[in-house]
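Engineer: How does the following fold in three dimensions:
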Amino acid sequence: MEGPGLVLNSDSSANLLLDISSGLFKSVKPNSRIDYMCKLDIDQVADNIRQTGIVCTLGKSWKTKERVRAMINAGMNILLINLSMTPREICKEVIRYAREIEQECNYERVTGIAMDMTAAPVRTGIFEGGPSYEANLEEGKRVTLTLDDRYKFKCTSEMIFINTKYFPQLIHCLRKGDRVHLDDGQVTLVVKDIGFDCVNCMVEDGGTIGGYKRVTLPRDRLYQDTVHANYLKDLAFAKECGVDFVFTSFAENASMIQLARSHLPGTTKVFAKIETRESIKNLNELITASDGIIIRRSDLAMQYTPEKIFKLQKFIVGHCNIAEKPVFIIEQLLESMVTKPRPTRAESSDVANAVLDGADGLILTMETSWGKYALESVTTVDQICREAERAIFHETYRAELKHSRLLRGITGEDVRFVTGASAVEAAASCGASAIFVITTTGASAMSIAASRPTCSVIGITIELSVARHCHGYRGLHPFFYTDERLDEWSEDIDNRINAAIEHARNQGLVKGGDRIVVVTGSVATSGSTNTMQIFTLEDEHSKLRIVGSSHELAENERLSDPMRHVSISHAGWHDDDDTLGVLESEHARSHVRTRRPRFSVMLSRGNSVFGGVDDIRVPL
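Structural biologist: Predicted coordinates:
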């Protein structure tokens with residue numbers, strides 16, 4: 001006799017199927033960017049380590065040593081000094097503070113120092129209502145720009161003081177019909193006539209404007225000789241201070257970048273600011289000539305219509321990502337936080353989209369230089385970046401980046417490039433938590449980071465300037481090795497790597513049970529990066545034997561005839577038992593067997609661009 005069958009109503013059937021499909025949906029690995037977006041966990045806590053760099057412009061509210069330390073602890077990676085806003089004595093003092101803070105923590109955290117090379121600004125005065133008051137300038141109304149000091153702190157919507165301290169004769173260089181922009185183009189005035197100490201204008205594009213806003217005049221009206229002379233003095237001062245980066249606005253072509261380099265030491269990286277149509281026209285030339293690019297959106301907004309700015313940002317970021325050059329975004333990121341403790345939702349989305357576009361770093365200007373909430377601004381950017389980085393579908397982005405470089409012929413033809421590319425793919429395949437790279441000049445680590453791996457890259461270096469330069473690249477975390485160096489190169493390299501692993505544990509980058517990828521060279525010379533190894537970390541803080549083992553086995557290979565010409569092909573890895581037997585016996589005889597899971601690949605310098613199967617040798 002048949003028992004009663006299982007009866008489900010339509011609603012319960014639908015719910016059951018939905019639950020089953022939802023479970024399968026969540027368990028299947030995303031296969032596209034849109035699929036990944038659909039599976040984002042909104043309630044997940046963003047406890048990941050931030051990969052995007054944060055640059056903060058020095059301000060009066062945090063020029064003491066303790067306040068600088070607080071900004072570094074909040075997440076500042078690079079301290080930016082604007083020479084047009086900061087006296088030289090304060091510049092030197094703050095740089096000294098930053099260097100002392102590094103020393104006091106034994107360089108566990110290094111901070112880059114950058115100087116902003118911009119023509120001295122012309123700014124408005126303060127309105128009668130106070131520093132936070134904003135006046136409304138209506139379209140078609142008359143406005144007078146005056147040099148009369150009586151209006152310096154008593155500006156009105158009809159009479160606005162402008163400070164021409166650096167250009168005392170500037171208004172006499174203006175012509176009828178010239179356009180003058182206030183507050184980075186928020187308000188545009190047209191010159192109608194010029195008096196002895198004033199400029200009478202009409203409001204072309206109206207809006208609200210606060211005190212101490214930048215006044216932008218036609219570039220060809222500036223005193224070019226004076227500006228150039230001051231620029232050379234600023235470059236000399238940057239050299240004297242030993243800064244790590246120079247961000248220059250004088251960068252419309254490659255020759256201007258070369259001019260800056262000729263006045264700076266080789267340890268100073270030169271970043272070009274993109275802020276004019278001419279610089280956009282020469283973008284590829286500037287990317288090649290400079291060490292990095294900065295997108296100055298406020299100046300571009302005065303050259304292009306507002307709806308073009310987002311497209312320009314994506315255009316420039318894309319070109320820089322393909323060329324392996326870092327790209328920063330500056331201006332109007334969290335501008336509301338100048339006076340408020342929280343950003344607007346539009347600003348938060350803007351910062352997040354800059355991260356999703358592929359920016360290596362974000363530069364805070366007014367938020368930290370004049371804002372009331374400098375520390376909170378850094379914390380806010382840090383939180384937004386970590387959330388945004390969780391929304392990146394690395395597999396698609398990395399594949400598209402690789403394909404774009406191949407199409408343009410931008411691929412390295414040396415072993416170092418192949419090793420780095422292999423490390424990035426291996427890290428993604430085995431789910432590694434970090435890639436550790438021994439680097440002398442920083443080139444290997446920076447190239448790996450520019451390939452946008454799914455995990456953090458730790459650049460291990462004994463050059464302090466290289467460690468600071470690492471902050472220019474997204475996902476590249478510097479480790480400056482300070483212990484005494486050993487005469488035996490292989491043991492010294494092992495010590496550096498183990499010290500870096502211990503540092504990464506303390507920073508939360510790796511933990512016991514994680515897989516890591518280690519990239520090193522096989523000889524003690526710069527540019528010899530050719531070895532990649534995969535390890536699984538143990539729970540206890542035990543030391544790994546890495547280069548020492550490879551070096552010993554390579555020496556055994558050289559002395560042992562059976563090993564001299566052994567090359568493991570793809571098929572031989574599985575089928576050639578005799579070859580594997582030779583390898584295992586030699587491995588045991590050299591006493592370098594380790595109980596930790598490990599895989600190692602060494603690339604020899606063959607003729608093939610990408611190494612080829614016969615160029616892959618297994619030293620362990």
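Engineer: Touching, residue 62 and residue 69? I think so.
Structural biologist: No. With contact taken as CB atoms under 8 Å, residue 62 and residue 69 are classed as non-touching, separated by 9.5 Å. Glycine gets a C-beta too; all of them are placed from N, C-alpha and C.
Engineer: Give the other helices and strands that the helix or strand hosting residue 56 contacts.
Structural biologist: Here residue 56 is covered by strand 53-57, with elements defined by DSSP states H and E. When contacts are defined as 3 or more CB pairs under 8 Å, 6 or more residues apart in numbering; DSSP states H and E, strand 53-57 sits against strand 78-82, strand 327-330, strand 361-364, helix 366-369, helix 374-390.
Engineer: From the chain's centroid, how far away is it?
Structural biologist: For strand 53-57, the distance between its averaged C-alpha position and the chain's averaged C-alpha position is 10 Å (CA atoms, centre = their mean, to the nearest Å).
Engineer: Give me the mean pLDDT for stretch 366-373.
Structural biologist: Per-residue confidence for stretch 366-373 averages out to 91 on the pLDDT scale.
Engineer: With just CA atoms, put it into PDB.
Structural biologist: Presented in PDB, the C-alpha positions along stretch 366-373 are these (Å, rounded to 0.1, in the frame of the first residue of the first chain):
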ATOM      1  CA  MET A 366      42.300  71.500   1.700                       C
ATOM      2  CA  GLU A 367      40.900  68.700   3.800                       C
ATOM      3  CA  THR A 368      44.200  68.400   5.700                       C
ATOM      4  CA  SER A 369      45.900  71.800   5.000                       C
ATOM      5  CA  TRP A 370      43.100  74.100   6.100                       C
ATOM      6  CA  GLY A 371      40.300  71.800   7.300                       C
ATOM      7  CA  LYS A 372      39.100  71.400  10.900                       C
ATOM      8  CA  TYR A 373      39.000  67.600  10.600                       C
END
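Engineer: Listing partners with orientation, what would you give for the strand holding residue 56?
Structural biologist: strand 78-82 (parallel), strand 361-364 (parallel) (DSSP bridges).
Engineer: most packed of those?
Structural biologist: A comparison of these by mean neighbour count, using mean count of other CB atoms under 10 Å, puts strand 361-364 on top with a mean of 24.
Engineer: CA-only coordinates of that strand in PDB, if you can.
Structural biologist: These are the backbone C-alpha positions of strand 361-364, laid out as PDB (Å, rounded to 0.1, in the frame of the first residue of the first chain):
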ATOM      1  CA  GLY A 361      47.000  57.000  -4.400                       C
ATOM      2  CA  LEU A 362      44.700  59.800  -3.300                       C
ATOM      3  CA  ILE A 363      45.900  63.300  -2.300                       C
ATOM      4  CA  LEU A 364      44.100  65.300   0.300                       C
END
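Engineer: List of residues touching that strand?
Structural biologist: With contact meaning CB atoms under 8 Å, 6 or more residues apart in numbering, strand 361-364 is reached by 52-57, 77-78, 80, 294, 326-331, 333-334, 351, 354-355, 377-378, 381, 385, 471-472, 474.
Engineer: cutoff 7 Å now
Structural biologist: Here strand 361-364 makes contact (CB atoms under 7 Å, 6 or more residues apart in numbering) with 52-57, 80, 326, 328-330, 333-334, 351, 354, 377, 381, 472.
Engineer: quick one: it to chain centroid distance?
Structural biologist: Strand 361-364 has its C-alpha centroid displaced from the chain centroid by 8 Å (CA atoms, centre = their mean).
Engineer: Likewise for stretch 377-386?
Structural biologist: Averaging C-alpha coordinates over stretch 377-386 and over its chain gives two centres that are 14 Å apart (CA atoms, centre = their mean).
Engineer: That one: which residues count as buried?
Structural biologist: Of the residues in stretch 377-386, those buried under the neighbour-count criterion (16 or more other CB atoms under 10 Å) are 377-378, 380-382, 384-386.
Engineer: for stretch 295-310, same thing?
Structural biologist: 295-301, 303, 309.
Engineer: C-alpha coordinates for it, CSV please?
Structural biologist: Taking Å, rounded to 0.1, in the frame of the first residue of the first chain, the C-alpha atoms of stretch 295-310 are listed here in CSV:
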residue,chain,number,x,y,z
ILE,A,295,45.4,64.1,-12.1
ARG,A,296,44.6,67.6,-10.9
ARG,A,297,40.9,67.6,-11.5
SER,A,298,40.2,71.2,-10.4
ASP,A,299,42.5,72.7,-13.1
LEU,A,300,41.2,70.3,-15.7
ALA,A,301,37.7,71.4,-14.9
MET,A,302,38.7,74.9,-16.1
GLN,A,303,39.9,73.5,-19.4
TYR,A,304,37.0,71.0,-20.0
THR,A,305,33.3,70.9,-19.2
PRO,A,306,32.3,69.2,-16.0
GLU,A,307,30.9,66.1,-17.7
LYS,A,308,34.3,65.4,-19.3
ILE,A,309,36.2,65.2,-16.0
PHE,A,310,35.3,61.6,-15.0
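Engineer: Contacts for it next, please.
Structural biologist: For stretch 295-310, with CB under 7 Å, 6+ apart as the criterion, the contacting residues are 181, 184-185, 216, 273-277, 312-313, 316, 327, 329-332.
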